[in-house]
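Novice: Sequence below, structure please.
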Amino acid sequence: MSKGKEPPRSLGPHGQRFVDRLRELKDRSGLSLAALANRTSYSKSSWERYLNGKILPPAEAVRQLARLCGADANQLLALHSLAADDWGVQTDARAPGDASGSVAPGRDTDLEVSGEHADQGLAGSDVAGASPAGEDPPTGGDTGDGTPQPRSSHGQPYRKPPVSKRIRLGSPALIGVVVVAALVVSGLLLYLAPETESASENRRVASVKFVFTPGRTHSCDVHRDDGKLWAGHSDTDKALLQQITTSWDVVEAQCLLEHRGYPVGAVDGAYGQATEKAVKRLQENSGLVVDGIVGPHTWQALRR
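Specialist: Below is the predicted model of the structure:
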């Protein structure tokens, strides 16, 4: 562990574990606080507070650290979500820059753009209303050849768009756009076409890679097919699930637990304390070993 200050003793076990994991990643990377500040969007003083457990880092800071250190961002975000309870704040699932102006208590507001990020966003910006490069704005009331300049209904001079921004009817560029649009529409129709008769419509499962996002929940479509219960997120009956696991398998288990009357708090795909507690209750009522880990026997109890 890093030689920094010990985390506050008021932090619970999840908060302590989260801070320890952050320090472990920082030490493994060999980066100093100044180097972290230069390679992320957060300042040196912010990283000092995060690594000493003084304040809960934003979810985006967690993602950037995971990318920098080659760690599993989903697992680190799951730890971050659990640790938020120890700080007594809500995790922020908004994308960077989607700020609403409100900040939860205990969250860091010292987001600083440093080093290589400082001048981004200024380059390439155009002043509203400026004329295209190389063109002089029309002046006066005529077109230069003595004829009156056309005006809009509001009395403003009419300006033609630059030739480079106009697509002539029948031009190769317009034909290319039409062809591409037709291909896209055809692809969507094929993708959305009904499954073949050989595939069971009631066994559709998630086809995209699971990405855990703090605060995001998933819907449950629990139904019975071939004598078993399914929720539409995974068709596994063997996957091992335990605390800190994040996957569609967890979403499936959480849906089935909720359907059977064992509340998990939020169907978010992160195997936390509430999910483990619900699993233990199911195992106890089903006569299984009560260990809080979902395995083949627990899946059988969930799907029966």
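
Novice: How is residue 224 classified with respect to secondary structure?
Specialist: Here residue 224 is strand, with the state taken from DSSP: H, G, I helix; E, B strand; the rest coil.

Novice: How about it, nearest residue that isn't a chain neighbour?
Specialist: Nearest non-adjacent residue to residue 224, counting by Cβ to Cβ, 6 or more residues apart in numbering: residue 230, 7.6 Å away. Every residue, glycine included, has its C-beta placed from N, CA and C.

Novice: can you pull up the bridge partners for that neighbour?
Specialist: Beta-bridge partners for residue 230, by DSSP bridges, are residue 223.

Novice: quick one: low-confidence parts of the stretch 1-150 of the chain?
Specialist: For the stretch 1-150 of the chain, the stretches with pLDDT under 70 are 1-7, 88-150.

Novice: And the helices in it, which stretches?
Specialist: 13-29, 33-39, 44-51, 59-69, 73-87 (DSSP state H, counting those that start in this stretch).

Novice: can I get the CA coordinates of the fourth one in CSV?
Specialist: Put plainly, it is helix 59-69. The C-alpha coordinates for helix 59-69 follow below in CSV (Å, rounded to 0.1, in the frame of the first residue of the first chain):
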residue,chain,number,x,y,z
ALA,A,59,-16.9,8.0,-11.3
GLU,A,60,-15.0,9.5,-14.3
ALA,A,61,-11.8,9.8,-12.2
VAL,A,62,-12.2,6.1,-11.4
ARG,A,63,-12.5,5.3,-15.1
GLN,A,64,-9.5,7.3,-16.0
LEU,A,65,-7.3,5.6,-13.3
ALA,A,66,-8.5,2.2,-14.5
ARG,A,67,-7.6,3.0,-18.1
LEU,A,68,-4.2,4.4,-17.1
CYS,A,69,-3.3,1.3,-15.0
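
Novice: all strands for the chain, in order.
Specialist: If DSSP state E is used as the criterion, the strands of the chain fall at 223-225, 228-230.

Novice: which of those sits most buried?
Specialist: strand 228-230 (a mean of 18; mean count of other Cβ atoms under 10 Å).

Novice: Which elements pack onto it?
Specialist: With contacts taken as 3 or more Cβ pairs under 8 Å, 6 or more residues apart in numbering; DSSP states H and E, strand 228-230 sits against strand 223-225, helix 248-259, helix 296-303.

Novice: Mind checking these for the one nearest to residue 214?
Specialist: Nearest to residue 214, of all these, is helix 248-259, at 14.3 Å by Cβ to Cβ.

Novice: dump the residue contacts of residue 251.
Specialist: 206, 210, 218, 231, 233-234, 267-269 (Cβ atoms under 8 Å, 6 or more residues apart in numbering).

Novice: how about the residues you listed in JSON lines, adding pLDDT and neighbour count?
Specialist: Listed next are the contacts of residue 251 as JSON lines, based on pLDDT from 0 to 100; neighbours: other Cβ atoms under 10 Å:
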{"residue": "206", "pLDDT": "63", "neighbour count": "17"}
{"residue": "210", "pLDDT": "89", "neighbour count": "17"}
{"residue": "218", "pLDDT": "92", "neighbour count": "19"}
{"residue": "231", "pLDDT": "92", "neighbour count": "26"}
{"residue": "233", "pLDDT": "91", "neighbour count": "26"}
{"residue": "234", "pLDDT": "92", "neighbour count": "20"}
{"residue": "267", "pLDDT": "94", "neighbour count": "22"}
{"residue": "268", "pLDDT": "93", "neighbour count": "23"}
{"residue": "269", "pLDDT": "92", "neighbour count": "27"}
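
Novice: As CSV, the residues you listed with distance to residue 78 would be great.
Specialist: Listed next are these as CSV, based on distance: Cβ to Cβ, whole Å:
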residue, distance to residue 78
206, 18
210, 11
218, 15
231, 20
233, 17
234, 17
267, 14
268, 9
269, 9
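
Novice: and which of those residues is nearest residue 259?
Specialist: Closest approach to residue 259 among the contacts of residue 251 (Cβ to Cβ): residue 231, at 7.4 Å.

Novice: For the closest one, which non-adjacent residue is spatially closest?
Specialist: Excluding its sequence neighbours, the residue lying closest to residue 231 (Cβ to Cβ, 6+ apart) is residue 255, at 3.5 Å.
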